[in-house]
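K.L.:
Sequence plus predicted model, see below.
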Amino acid sequence: TDAQVAFIGLGHMGGPMAANLVKAGYSVTGFDVVPAALEAAAAAGVVVAESSAAAADGADVIITMLPAGKHVFAAFEGEGPGGGLLAAAKPGALFLECSTISVEDARAAHWMVANSGHRGLDAPVSGGVMGAEAGTLTFMVGGSEEDFAAGMPLFEVMGKRIVLCGGPGAGQAAKVCNNMILGVSMIAVSEAFVLGEKLGLTHQALYDVAANASGQCWALTTNCPVPGPVAASPANRDYQPGFAGALMAKDLGLAVEALNATGVDAVLGRSAEEIYREFALEGGAGTDFSGIINTIRAASDG
Ligand code: NAD
C-alpha cells in the first residue's frame with residue numbers, strides 16, 4: 001500500500017472504488033470534473049486535486065473510470081483541468097483504464113500510454129455499483145503479464161475475480177462478448193416466459209423445468225425477468241436495477257461496433273442492440289434490463 005494512486009472519474013463506480021483503496025491503506029488523490037463527485041470522494045478520504053494533472057503528479061498508478069472512450073482520450077491528452085494525464089504522469093507510471101470503451105479505443109489508448117513512456121492495462125469491470133461498493137468487481141484485463149502482476153494488489157482491493165484475458169484490448173473484448181451473450185439471453189428468456197404465459201404455463205413451472213434443463217442461464221436463474229421464482233431478482237422490486245437498460249444499450253452498441261469492425265455475422269447480437277437501444281429510449285434507461293419482458297408482453301397480441 002505504499003503506491004501513490006491517482007483516481008480520475010469519481011462517479012457511481014469510481015467513487016466507491018477509490019473509497020475502498022483508501023480503506024485498504026492506499027494514499028489516493030482524485031479528480032472529477034463534477035464538484036459533487038469530488039465532495040463525496042473527499043468525505044471518503046480521497047485527497048482532492050484541482051486537476052487531473054495535479055492528481056497524477058508523482059502517482060505510481062493512475063486509474064481512470066470515465067463514461068466513454070472520448071472521455072478517456074480527453075483525460076489522457078485533452079486541455080483544461082480534466083485533461084493532460086499522459087504528460088503529467090511520471091515516466092513508467094501504470095495506467096489502469098477501467099472504463100467500458102470499445103476494443104478499438106482501448107487499443108488506441110494502450111499505444112498512447114506506451115508512446116508516452118508509461119505502462120497500461122485495459123481493465124473494464126462487471127458487478128455494478130454494488131460490486132464496486134463491496135469490492136467484489138470482476139476485472140477483465142488486457143496487457144502484459146508483468147503489468148498485470150503490478151496492478152494485481154489494487155485489483156484485489158477493488159475486485160474478487162481478476163482475469164488476464166490477453167494483450168491490449170483483450171479485457172474490453174471479453175467484456176463486450178460476455179455482455180452480448182447476456183443481452184441476447186435475457187431477450188430469449190423473456191420471450192419464453194411470455195410464450196409460456198400465452199400457453200397457460202405458470203412462471204414457476206417453466207422456471208422449474210428450464211432452470212434444471214438446457215435453457216439454464218444467468219438471465220433465468222439469477223436475474224429472472226418475472227417475479228417469484230428467484231426472490232432476489234430485480235423483477236421482484238419493480239425492476240429497480242440491477243443492471244440498468246442504459247448500460248446494456250451502451251454495451252451492445254460497443255458490441256455492434258466490434259461486429260462491424262470484424263465483419264461477424266451476428267444476427268442476434270445486432271437485433272439485441274436494436275431492442276435495447278429502443279428500450280432505453282422508451283423509458284427503460286433507468287430500470288433493470290430484465291424489464292424488457294414488459295416490452296415484449298406489451299407488443300404481443302391477445
Ligand atoms: P458515472 O457517469 O457515474 O461516472 C463517470 C465520472 O467521470 C463522472 O463523475 C464524470 O463527471 C467524470 N468525468 C468525465 N470526464 C472526466 C474527465 N475528463 N476528468 C475527470 N472526470 C471526468 O459513470 P459510472 O456508472 O461510474 O461508470 C463508469 C464506467 O464504468 C463507464 O464506462 C460504464 O460503462 C462502466 N461500468 C458501469 C457500471 C455501472 O453499473 N454503473 C458497471 C460496469 C461498468
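P.N.:
Structure received. Not measured: the values here are computed from a predicted model.
K.L.:
So this structure: which segments form each domain?
P.N.:
Each structural domain of the chain that the record assigns through automatic domain parsing is listed here as a residue range: 4-166, 173-298.
K.L.:
Single out the most deeply packed of those domains.
P.N.:
Per residue and on average, the most neighbours among these fall to domain 4-166, with a mean of 20 (mean count of other C-beta atoms under 10 Å). Where C-beta positions appear, they are placed from N, C-alpha and C, glycine not excepted.
K.L.:
now check that one, is it near the ligand?
P.N.:
Yes: remark: domain 4-166 sits within contact range of the ligand at 8-14, 31-34, 37, 52, 65-67, 71, 74-75, 82, 99-100, 125-126, 128-129, by C-beta under 6 Å from any ligand atom.
K.L.:
and the residue of the stretch 51-200 of the chain nearest the ligand?
P.N.:
The ligand sits closest to G82 of the stretch 51-200 of the chain, with a gap of 3.0 Å, by C-beta to the nearest ligand atom.
K.L.:
pLDDT score for that residue?
P.N.:
The model reports G82 with a pLDDT of 94.
K.L.:
Mind pulling up the pLDDT for the closest residue to it other than its chain neighbours?
P.N.:
Of all residues beyond its chain neighbours, the one nearest G82 is V33 (4.6 Å), with distances taken as C-beta to C-beta, 6 or more residues apart in numbering. What the model reports for V33 is a pLDDT of 97.
K.L.:
Quickly find the element holding the nearest residue to G45 once chain neighbours are set aside.
P.N.:
With sequence-adjacent residues excluded and distances taken as C-beta to C-beta, 6+ apart, G45 is closest to V22, at 4.0 Å. If you go by DSSP states H and E, V22 is part of helix 14-23.
K.L.:
Okay, helices next: where are they in the protein?
P.N.:
Assigned by DSSP state H, the helices in the chain fall at 14-23, 35-43, 52-56, 69-77, 85-88, 103-115, 128-134, 145-158, 170-198, 203-210, 218-221, 245-262, 267-279, 292-298.
K.L.:
Lowest average confidence across those, which one?
P.N.:
Of all these, the segment with the smallest mean pLDDT is helix 128-134, scoring a mean of 94.
K.L.:
give the contact list for the residue of the stretch 1-150 of the chain at minimum distance from the ligand.
P.N.:
Ranked by C-beta to the nearest ligand atom, the top residue of the stretch 1-150 of the chain for proximity to the ligand is G11, at 1.9 Å. G11 makes contacts with D32, V34, A37, M65, P67, as judged by C-beta atoms under 8 Å, 6 or more residues apart in numbering.
K.L.:
Now with 7 Å, please.
P.N.:
D32, A37, M65 (C-beta atoms under 7 Å, 6 or more residues apart in numbering).
K.L.:
Quick check: closest non-adjacent residue to P229.
P.N.:
Beyond its immediate neighbours in the sequence, the residue positioned closest to P229 (C-beta to C-beta, 6+ apart) is Y207, lying 3.8 Å away.
K.L.:
ok, the one you found touching P225?
P.N.:
No: Y207 sits out of contact with P225 when judged by C-beta atoms under 7 Å, with a separation of 10.6 Å.
K.L.:
Find residues that contact each of these two.
P.N.:
Among the neighbours of Y207, none is also in contact with P225 (C-beta under 7 Å, 6+ apart).
K.L.:
Thought T138 was touching S126, still the case?
P.N.:
Yes: applying C-beta under 7 Å as the test, S126 and T138 come out as touching, 4.9 Å apart.
K.L.:
If we look just around the ligand, which residues of the stretch 151-300 of the chain are in range?
P.N.:
Along the stretch 151-300 of the chain, the residues adjacent to the ligand under the rule C-beta under 6 Å from any ligand atom are L247, K250.
K.L.:
how about G30, what does it touch?
P.N.:
With contacts defined as C-beta under 7 Å, 6+ apart, the neighbours of G30 are F7, L10, A18, A41, V46, V48, A49, A55.
K.L.:
Which pair of those residues spans the longest distance?
P.N.:
Distances among these were taken as C-beta to C-beta; the most separated pair is A18 and A49, at 12.1 Å.
K.L.:
which outside residues touch stretch 49-65?
P.N.:
Contacts of stretch 49-65 from elsewhere in the structure, counted by C-beta under 7 Å, 6+ apart, are 3-9, 11, 13-14, 17, 29-31, 72, 75, 81-85, 88-90, 93-99, 154.
K.L.:
one more time with 8 Å, if that's ok
P.N.:
Outside stretch 49-65, the residues within contact range by C-beta under 8 Å, 6+ apart are 3-11, 13-14, 17-18, 29-31, 72, 75, 80-85, 87-90, 93-99, 151, 154.
K.L.:
do the same with stretch 96-103
P.N.:
In this structure, residues lying in contact with stretch 96-103 by C-beta under 8 Å, 6+ apart are 9, 13-14, 17, 61-69, 71-72, 106, 109, 113, 120-125, 139, 151, 154-155, 169, 172-173, 175-176, 250-251, 254, 257-258, 261.
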